[in-house]
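1. Give me a 3D structure for the following:
(one chain, ligands or ions: 1)
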Amino acid sequence: MARLVKLLSGLVLFGISIALMVAADLGVPAWDVLHQGLSRWTGLSFGWVVNLVGALVLLAWIPLRVRPGIGTLCNILLVGMVADTALRVLPHIDGTTPRLGVLLAAIALNALATGLYIGADLGPGPRDGLMTGLAARGVSLRTARTAIEVAVLAAGWLLGGTVGIGTLVYSAVIGPLAQPAIRHFTRAAPALPQAAPPPPTVRPCHERASMMRLHIISCSTRTTSAGRPLARWIAELAAAQHAFEPTLIDLGEVALPFLDEPGLPSDGHYVHQQTKDWSALIDGADAFVFVMPMYNGGFTAPLKNAIDTLYREWQDKPVGLISYSTGSSGGAPAVEMIRPVLARVGLRPAAHTLSIPAIEDHLDEAGRLRATAGLADQVQAVLAGIARPAAVPPEREPAGA
Ligand SMILES: Cc1cc2nc3c(=O)[nH]c(=O)nc-3n(C[C@H](O)[C@H](O)[C@H](O)COP(=O)(O)O)c2cc1C
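-> Here you go, the predicted structure:
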């Protein structure tokens, strides 16, 4: 109920903020330039065009296989209608200073409204879903957003929409303004007390609802783990990519007992609270990155135990494999060793893996990761493979084989 209130109030305020920007007449956001242009060209009201373009854009979701939510439908129905109503009652604004004031107030209101309707988490707006849908199919979100915004801006301008200082100010400040609003209004996910807190996640404007929930699992349980700073850094890189909503999980803090459930994991009936919590945590992920050290030529026992404890929760989810070790192999043998295990539970390894030799050389005196551009590129390649996992899952043998 609270989410529905957030959604509806967010969409109403969003519509009002757009109307205020139109009334200020100093330039509107890219999509609204297109809406204005189409409105002039077709003779339909601005609000009707907002609604109709939203509905048309929704059609493009079909090949992208993005699912609309109730928020998507409400967005299509409400924003344009509210904008039209507001435009009818708003007085004409004279003078540059009042117009500038209205523009800035409208942008601030727009950021607040974005925080409310994205924070409700009931489905992205049609235009947002187009961008995140493309991102999920492997196009970088920045490329998708830039290409779409430039195209709609150009088309809108050619059709007579208002491009101006407002268009520029909006694109420059809406991200930084909307992020804290989204964070403030996003409902807190039920977190495991054992799970490490998520890294500082940068939530971009409009995108959260269809981001891939990526759980980055640090697979060492040692208090002095060299992989922990590495895993944290990978989570930050994932957050900056905007296609992912990363959560950092430290197996040392999760501290799962060795499998002690009476039933088989494949039955999914758990009696111990810790197993239920682990199940909920893994169930809540769309994809994983295993940050795995190599111990004596293989992957760690806690990781095997963490995998074995569950079954259904892992199935058909992509996983990126990043190994590390003191030696020159960077733990590549551990990656090869884990592949048959992943296949048994239906995890789909991303095509690109990364093995980091001499891990201690990547840490400074304080134990922090010394990030390099080369390493960042390699991690990005693994992340890209997760966003674009192999279409056909690897052959899976029956659980009893
Ligand atoms: C039990 C154990 C076995 C190890 N075996 C290997 C090994 O076979 N090859 C290697 O290059 N490094 C090996 N190392 C060194 C680890 O790669 C290195 O200490 C790494 O930092 C361990 O990851 P962690 O600090 O996150 O636990 C081993 C370390 C431990 C604790």
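2. Skip ahead from the helix or strand of the chain with the lowest mean pLDDT and say which helix or strand is next.
-> Every helix and strand of the chain was ranked by mean pLDDT, DSSP states H and E. The lowest is helix 126-136, at a mean of 68. Later in the chain than helix 126-136, the nearest helix or strand by DSSP states H and E is helix 141-158.
3. Give the other helices and strands that that next one contacts.
-> helix 30-42, helix 126-136 (3 or more C-beta pairs under 8 Å, 6 or more residues apart in numbering; DSSP states H and E). Every residue, glycine included, has its C-beta placed from N, CA and C.
4. of these, which approaches the ligand most closely?
-> helix 126-136 (31.0 Å; C-beta to the nearest ligand atom).
5. And the strands in the stretch 151-300 of the chain?
-> 212-218, 244-250, 287-293 (DSSP state E, counting those that start in this stretch).
6. Between those, which one is closest to Leu104.
-> Proximity to Leu104, assessed across the strands of the stretch 151-300 of the chain by C-beta to C-beta, is greatest for strand 244-250 (30.2 Å).
7. Export the strands of the stretch 151-300 of the chain to CSV and append columns for distance to the ligand and mean pLDDT.
-> Putting these into CSV (distance: least, C-beta to the nearest ligand atom, whole Å; pLDDT from 0 to 100) gives the following:
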stretch, distance to the ligand, mean pLDDT
strand 212-218, 7, 94
strand 244-250, 10, 90
strand 287-293, 3, 97
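8. could you list every residue that touches Pro262?
-> Residues near Pro262 by C-beta atoms under 8 Å, 6 or more residues apart in numbering: Val271.
9. how close does it get to Pro349?
-> 31 Å (C-beta to C-beta, to the nearest Å).
10. Can you classify whichever residue of the chain sits closest to the ligand by secondary structure?
-> Residue nearest to the ligand within the chain (C-beta to the nearest ligand atom): Gly327, separated by 2.6 Å. Here Gly327 takes the coil state, with states given by DSSP: H, G, I helix; E, B strand; the rest coil.
11. Would you list the phi and psi of the nearest residue to it once chain neighbours are set aside?
-> In space, and not counting its chain neighbours, Gly327 is closest to Pro357: 6.6 Å by C-beta to C-beta, 6 or more residues apart in numbering. Note on Pro357: backbone dihedrals following degrees, to the nearest 10 are phi -80, psi 170.
12. which intervals of the chain have sub-threshold pLDDT?
-> 1, 64-67, 121, 131-144, 179, 183, 186-210, 388-401 (pLDDT under 70).
13. Report the contact partners of the nearest residue to Leu8 once chain neighbours are set aside.
-> Leaving aside its sequence neighbours, Leu8 sits nearest to Cys74 (C-beta to C-beta, 6+ apart; 6.8 Å). Counting by C-beta under 8 Å, 6+ apart, Cys74 makes contact with 7-8, 11, 122.
14. let's see 10 Å
-> Each residue near Cys74 by C-beta atoms under 10 Å, 6 or more residues apart in numbering is listed here: 4, 7-8, 10-12, 117, 120, 122-123, 125.
15. Can you select the buried ones among these for me in ChimeraX?
-> The following ChimeraX line selects those of those that are buried, judged by 16 or more other C-beta atoms under 10 Å:
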select :7,8,10,11,12,117,120,122,123,125
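16. Count the residues that sit near Leu177.
-> 18 (other C-beta atoms under 10 Å).
17. who touches it in this structure?
-> 107-108, 110-112, 114-115, 170, 205.
18. can you tell me which of those residues lies nearest to Met211?
-> Cys205 (12.1 Å).
19. Can you pull the residues of the chain lying near the ligand?
-> Contacts of the chain with the ligand, taken as C-beta under 6 Å from any ligand atom, map to 220, 222, 225-227, 293-297, 325-327, 359.
20. I figured Phe288 hits Leu347, correct?
-> Yes. Phe288 is in contact with Leu347 according to C-beta atoms under 10 Å; the separation is 7.3 Å.
21. The most centrally placed residue in the chain - nearest residue in space that isn't next to it in sequence?
-> In the chain, the residue lying closest to the centroid (C-alpha atoms, centre = their mean) is Met211, at 2.7 Å. Nearest residue to Met211, sequence neighbours excluded (C-beta to C-beta, 6+ apart): Glu245, at 4.2 Å.
22. What about that neighbour, how many residues nearby?
-> For Glu245, using other C-beta under 10 Å, the count is 23.
23. Leu100: neighbour count?
-> Neighbours around Leu100, by other C-beta under 10 Å: 16.
24. Going forward, count from 22.
-> With 22 as the first residue, the last one maps to Leu121.
25. Could you tell me how far Leu25 is located from Val100?
-> Distance from Leu25 to Val100, by C-beta to C-beta: 16 Å.
26. Which parts of this protein belong to which domain?
-> Domain ranges of the chain: 23-206, 229-408, per automatic domain parsing.
27. quick check, distance from the longest one to the centre of its chain.
-> Right, domain 23-206. 19 Å (C-alpha atoms, centre = their mean, to the nearest Å).
28. cool, and stretch 281-293?
-> Counting by C-alpha atoms, centre = their mean, stretch 281-293 comes out at 31 Å from the chain centroid.
29. Going by neighbour count, list what's buried in that stretch.
-> By neighbour count on 16+ other C-beta under 10 Å, the buried set for stretch 281-293 is 282, 286, 291.
30. Out of the residues you listed, the closest to Tyr332 would be?
-> Nearest to Tyr332, judged by C-beta to C-beta, of the buried residues of stretch 281-293 is Pro286 at 4.3 Å.
31. Surely that closest one is in contact with Leu280?
-> Yes. Checked against C-beta under 10 Å, the pair Pro286 and Leu280 is within contact range at 7.5 Å.
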